[in-house]
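Engineer: Need coordinates for the below:
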Amino acid sequence: MITNFQLDTKAAARADSQTPNIRKSGAFAGQITAARTYITRSGAQMLEIIFVAHEGKANITLCLFKKDGTENFGRDMFMSMLTCLRLKNVNAVKSTIKDRNGNEQEAYLFPDLAGREIGFLLQYAPEEYQANDGTIRVADRVNLVTSFEPSTGLVAKEILERVTKAELLEIRKEHVSDKPLKKLSVSDNEFENPPVKKASKQPLDNIDDDDIPF
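Structural biologist: Numbers count the residues shown, from 1 in each chain. As a prediction, this is how the structure comes out:
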């Protein structure tokens with residue numbers, strides 16, 4: 001048994017450097033620390049973002065294109081995100097990352113997104129999963145409701161319409177609450193083909209590049 005302990009300042013700092021997961025619904029202003037796109041085994045193209053705010057961190061996953069190559073609503077959410085970042089285009093760059101086991105694997109990263117400040121309205125959606133040791137655990141999943149510009153509170157629609165007073169974020173916040181715990185089900189895969197709600201055409205659907213206010 002070890003009974004004599006010398007102060008290890010690095011270990012002490014590590015104890016306070018762990019960022020907890022976001023475990024509540026709400027609007028969070030923070031930073032994108034990493035972003036990548038990848039293809040699932042079924043052929044759908046996904047976007048994964050690691051987001052860190054003062055309140056905690058979250059992994060946000062969007063389905064950009066379904067397995068048949070058609071656009072999914074997640075692509076619209078990504079375009080909303082880029083608008084709030086005032087970015088007209090981003091490119092995924094082929095790179096190499098290490099997985100949880102320390103093994104290198106190929107990845108397509110978005111370097112232009114890393115380090116960018118953004119706001120996300122998130123819905124907490126906890127979900128059970130089976131760990132490698134067979135135990136049932138809870139994953140702190142979140143659903144992205146909308147993106148917003150932290151400095152102004154404006155969402156993409158307001159930015160594109162050159163609105164100066166933010167209103168939509170507060171309205172949407174009123175309708176967001178935590179989802180009940182989703183029990184484990186092997187057949188569940190909500191990110192592959194989530195239901196797509198067809199939106200009615202708005203004037204903004206025909207906006208020209210020259211009219212983009214950034």
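
Engineer: which residues of this protein fall in strands?
Structural biologist: Secondary structure of the chain by DSSP state E: the strands cover 26-39, 45-53, 56-65, 93-98, 104-109, 117-124, 127-130, 136-139, 142-148.

Engineer: Any idea which of these gets closest to L160?
Structural biologist: For those, proximity to L160 was assessed by CB to CB; strand 142-148 is nearest, at 12.7 Å. Just so you know, the C-beta spots here come from the backbone N, C-alpha and C atoms, and that holds for glycine as well.

Engineer: just how off-centre is that closest one within its chain?
Structural biologist: Mean-position distance between strand 142-148 and its chain equals 7 Å (CA atoms, centre = their mean, to the nearest Å).

Engineer: That strand pairs with which strands, and in what direction?
Structural biologist: strand 117-124 (antiparallel) (DSSP bridges).

Engineer: between the partner strand and strand 56-65, what angle do the directions make?
Structural biologist: 90 degrees (axes from the mean of the first three to the mean of the last three CA atoms, to 10 degrees).

Engineer: What are the buried residues along strand 117-124?
Structural biologist: If you call a residue buried by 16 or more other CB atoms under 10 Å, then strand 117-124 has these buried ones: 118-124.

Engineer: Throw the residues you listed into JSON lines and include pLDDT, thanks.
Structural biologist: JSON lines is the format used below for the buried residues of strand 117-124 (pLDDT from 0 to 100):
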{"residue": "I118", "pLDDT": "98"}
{"residue": "G119", "pLDDT": "98"}
{"residue": "F120", "pLDDT": "98"}
{"residue": "L121", "pLDDT": "98"}
{"residue": "L122", "pLDDT": "98"}
{"residue": "Q123", "pLDDT": "98"}
{"residue": "Y124", "pLDDT": "97"}
